[in-house]
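okay, here's the prediction I keep looking at, along with the sequence it came from:
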Amino acid sequence: MTMILYGISNCDTVKKARRWLDEQGVAYHFHDVRKDGLDAARLQGWIDALGWEKLLNKAGTTFRKLPDAQKDGLDAASAKALMLDQPAMIRRPVVEADNGISVGFSADEWKARFAA
């Protein structure tokens with residue numbers, strides 16, 4: 001399986017992650033969730049593996065701009081609908097690899113996980 005890095009091309013964290021992978025010589029495919037889309041089944045797989053609370057980026061501008069009524073009482077179904085409607089609300093990057101699914105970037109964690 002080729003590693004797939006999901007994110008948004010102009011996200012600083014995604015840029016750092018891609019630069020790190022390139023410097024380490026780790027092969028991956030980049031999938032821009034804003035431009036290339038994200039299907040509900042894949043998002044559900046991430047939710048099943050990681051939990052919607054870990055995937056939903058509550059610190060991001062897109063989430064903070066939501067009306068309080070939408071933020072209050074979030075559950076798995078409403079969070080999934082928000083993330084499908086506005087992929088910028090997904091914490092980035094999400095990585096699918098042979099050794100599982102992860103979200104976020106940490107050079108130390110990635111070194112242990114991906115470096116040859």
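Looks like it arrived, so ask away.

just give me the neighbour total for residue 53.
12 (other C-beta atoms under 10 Å). C-beta here means a position set from N, CA and C on the backbone, and glycine is covered the same way.

disregarding residues adjacent in the polypeptide, which is nearest to it?
residue 79 (7.8 Å; C-beta to C-beta, 6 or more residues apart in numbering).

can you tell me which helix in this structure is longest?
Scanning the chain for the helix with the most residues, using DSSP state H, yields helix 12-24.

where in the chain is pLDDT low?
Where the chain drops to pLDDT under 70, the residues are 1, 116.

show me where it has helices.
Along the chain, counting by DSSP H, helices occupy 12-24, 40-50, 52-55, 61-64, 68-71, 76-85, 107-114.

for the ones you listed, give me JSON lines that also has distance to residue 98.
Output for the helices of the chain, formatted as JSON lines (distance: least, C-beta to C-beta, whole Å):
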{"stretch": "helix 12-24", "distance to residue 98": "15"}
{"stretch": "helix 40-50", "distance to residue 98": "14"}
{"stretch": "helix 52-55", "distance to residue 98": "21"}
{"stretch": "helix 61-64", "distance to residue 98": "31"}
{"stretch": "helix 68-71", "distance to residue 98": "36"}
{"stretch": "helix 76-85", "distance to residue 98": "25"}
{"stretch": "helix 107-114", "distance to residue 98": "10"}
